[in-house]
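> starting from these lines, generate the structure:
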Amino acid sequence: MVNILRNVKETYRYKNWDERVLVQVRAILAVLDEEYGVNRNIQKDLGGYVLLCDSDTTVEELEEVVNLSYDLYEWADEIETYDDTVVIALYLLSSDYAVVTVTTKALFDELQSIA
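The predicted structure is shown next:
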């Protein structure tokens, strides 16, 4: 399942996620909230959002939400959790719009192989 997070407040619904991952996601969303507003409309306003992908998320599910050129990410960071390795990757879609994906390392690697 792909979860769309628009602001920091929404991250508190995901208590089953590793806190180290959520700290990074909150930091990213805090910047978007401060610069573009907490109540921004992610389809009309500038800024962006975070896609929090559960461990069973498939490429097809992610592509239903957003169409990215997966080999064109700006940066990626790996976080070791107790269960898995999580990759946080930033994709710039325009000068003022970004999507950040939070996926397992396996899904990130699969996305890279199809790019």
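> per-residue pLDDT, residue 65?
According to the prediction, residue 65 has pLDDT 89.
> what's in contact with the longest strand anywhere in the chain?
Longest strand in the chain by number of residues, with DSSP state E as the criterion: strand 85-94. Defining contact as C-beta atoms under 8 Å, 6 or more residues apart in numbering, one finds that strand 85-94 is touched by 18, 21, 24-25, 28, 48, 68-69, 72-79, 98-105, 107-108. Glycine gets a C-beta too; all of them are placed from N, C-alpha and C.
> mean confidence score for that strand?
Rounded mean pLDDT across strand 85-94 is 92.
> quick one, the helix or strand that that strand is followed by and strand 85-94 angle?
Note on strand 85-94: by DSSP states H and E, the next helix or strand toward the C-terminus is strand 97-104. If you take axes from the mean of the first three to the mean of the last three C-alpha atoms, to 10 degrees, strand 97-104 sits at 160 degrees to strand 85-94.
> name the helices or strands packed onto strand 97-104?
For strand 97-104, the packing partners by 3 or more C-beta pairs under 8 Å, 6 or more residues apart in numbering; DSSP states H and E come out as helix 19-36, strand 47-53, strand 85-94.
> recalculate using a threshold of 6 Å.
In terms of contacts (3 or more C-beta pairs under 6 Å, 6 or more residues apart in numbering; DSSP states H and E), strand 97-104 is packed against strand 47-53, strand 85-94.
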